[in-house]
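1. turn this into a structure:
(chains A and B)
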Number of protein chains: 2
Amino acid sequence: MPATVSEKTIGRLSLYRRLLYELRNAGEENLYSHQLAQMAGVTAAQVRRDLMSIGYSGSPTRGYDVRELGESIGRFLDSPTDQGVALVGVGNLGRAIMAFFAGRRPHLRIVAAFDTDPYKVNRVIQGVRCYSLEQMPQVVESEGIQVGILAVPAVAAQSAADTLVRAGVRGLLNFAPVPLRVPPDVYVEDIDMTMSLEKVAYFARQRASQKELQTW
Amino acid sequence: MPATVSEKTIGRLSLYRRLLYELRNAGEENLYSHQLAQMAGVTAAQVRRDLMSIGYSGSPTRGYDVRELGESIGRFLDSPTDQGVALVGVGNLGRAIMAFFAGRRPHLRIVAAFDTDPYKVNRVIQGVRCYSLEQMPQVVESEGIQVGILAVPAVAAQSAADTLVRAGVRGLLNFAPVPLRVPPDVYVEDIDMTMSLEKVAYFARQRASQKELQTW
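-> Now for the predicted structure:
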């Protein structure tokens, strides 16, 4: 297995796996690289390169076996053992994230939540035990958690990230609308849903009004 | 007001507004461009350029008025009239999105939801009426909806996007894990939460195992 696979390749493999899963559920058994490529919006050469990078060689004459290819990608992407995730912030956004990820990946699931609200601490919310922020270092270490999701307000994000990283977390999915400062060996992905919706709304309005002007 | 403001500037303005809102709730009244810049992870010159692009000139000696600046950005970003949003797909993800955006922006809210499931159609879910896909063109047109959120499986995304665009939608926030083909006057933002979490998990594992190797 090659030493390094790029972020973009990992992202595309995640996408291929889900497309293959949907195809399998729809009863498809075989597909060609150009079909997968079209669904994923990339070239067939890109698909073949990505699959080669994880050591996969299909049978090009009949195409790939949908189930087998999906499972091969899964073995590459997923941890062979369970990978627990810590969620910080159990407000509206945190609960939405819990609901979304619940039951999606048995090997990658939220195993502990953290919040400052004393009414949430020590309760089980959507199947996940909620702890105080003070308990974070101890819980993260004892559960061997490597992945954190931040769903806290902007002002609280950096300090939550610092605590997670000190406790051993090496990857953060950051929903808080601020850039995080982390050591170089920590991987961060940012998602800002409000920013995305506000951009879409702004440009939709601009374009709708341009359309009206053209009509006149 | 200038004719064009870039996507990146709109994204940063959305972020500044939310940071200012948090500061205001924390009792702050004034701040300097370099303080806002630090919170947003950009330079002070960038902040001043962005604010100039919406015609805002503060009083640099005492800094900006937190409340006034936040409201000015809001007047630029937000529609003067309500902007309704259509949500397609009321599964786990769609409900999480509804919960997240509920009550956030009175001027920008989900006013109609669409799903194929007959048990959801004609019901009110989280305060939003759910319609069948067949009703989409009529509802989108009669409500004057310009913004759509796609929370459907990959295989259903393109056809839902086509219907929304034909009915007049000019901006799409796409949570489905496929690239959409849309006319050039339609703006699209993609969010793939599963891909982001899988990337974080993969690289967290890689980095944690590198750390272990170094320890030996």
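
2. what is the neighbour count of A:Ala112?
-> 21 (other Cβ atoms under 10 Å in any protein chain shown). C-betas here are computed from N, CA, C, even on glycine.

3. just say helix, strand or coil for A:Val188.
-> strand (DSSP: H, G, I helix; E, B strand; the rest coil).

4. quick one: buried residues of the longest helix seen in chain A?
-> Longest helix of chain A, by residue count under DSSP state H: helix A:193-215. Of all the residues in helix A:193-215, those buried under the rule 16 or more other Cβ atoms under 10 Å in any protein chain shown are A:193-208.

5. what is the nearest of those residues to B:Gly74?
-> The nearest member of the buried residues of helix A:193-215 to B:Gly74, counting by Cβ to Cβ, is A:Glu198 at 10.2 Å.

6. near chain B, which of the buried residues of helix A:193-215 show up?
-> A:193-205, A:207-208 (Cβ under 8 Å from any Cβ of the partner chain).

7. so for stretch A:188-200, what's the average pLDDT?
-> Stretch A:188-200 comes out with an average pLDDT of 94.

8. what about the strands in chain A?
-> Ranges of strands in chain A, per DSSP state E, are A:30-31, A:64-65, A:83-88, A:108-114, A:124-125, A:128-131, A:147-150, A:171-174, A:187-190.

9. what strands line up against the first one, and which way round?
-> So that's strand A:30-31. strand A:64-65 (antiparallel) (DSSP bridges).

10. could you do the third one as well?
-> Paired strands of strand A:83-88, with direction, are strand A:108-114 (parallel), strand A:147-150 (parallel) (DSSP bridges).

11. with the last one instead?
-> Counting by DSSP bridges, the strands paired with strand A:187-190 are strand A:171-174 (parallel).

12. distance between the strand it pairs with and the chain's centre?
-> Mean-position distance between strand A:171-174 and its chain equals 9 Å (Cα atoms, centre = their mean, to the nearest Å).

13. how about residues contacting it?
-> A:146-150, A:157, A:161, A:164-165, A:180, A:182, A:186-191, B:196-197, B:200-201, B:203-205, B:207 (Cβ atoms under 8 Å, 6 or more residues apart in numbering or on different chains).

14. rewinding a little: right, and the strands of chain A - which one's nearest B:Ala113?
-> Among those, strand A:124-125 comes nearest to B:Ala113, with 24.6 Å by Cβ to Cβ.

15. report all helices and strands that that closest one contacts.
-> In this structure, strand A:124-125 packs against no helix or strand, with contacts taken as 3 or more Cβ pairs under 8 Å, 6 or more residues apart in numbering or on different chains; DSSP states H and E.

16. what pairs with it, parallel or antiparallel?
-> Per DSSP bridges, strand A:124-125 is paired in its sheet with strand A:128-131 (antiparallel).

17. list the contacts of the partner strand.
-> In this structure, residues lying in contact with strand A:128-131 by Cβ under 8 Å, 6+ apart are A:87, A:90, A:98, A:110-115, A:120-124, A:139.

18. buried only: go through those for me.
-> Buried, going by 16+ other Cβ under 10 Å: A:87, A:90, A:98, A:110-115, A:120-121, A:139, out of these.

19. looking at the residues you listed, which is nearest A:Leu133?
-> For those, the nearest to A:Leu133 is A:Phe114 (5.6 Å; Cβ to Cβ).

20. residues contacting that closest one?
-> Per Cβ under 8 Å, 6+ apart, neighbours of A:Phe114: A:86-90, A:130-133, A:135-136, A:139, A:160.
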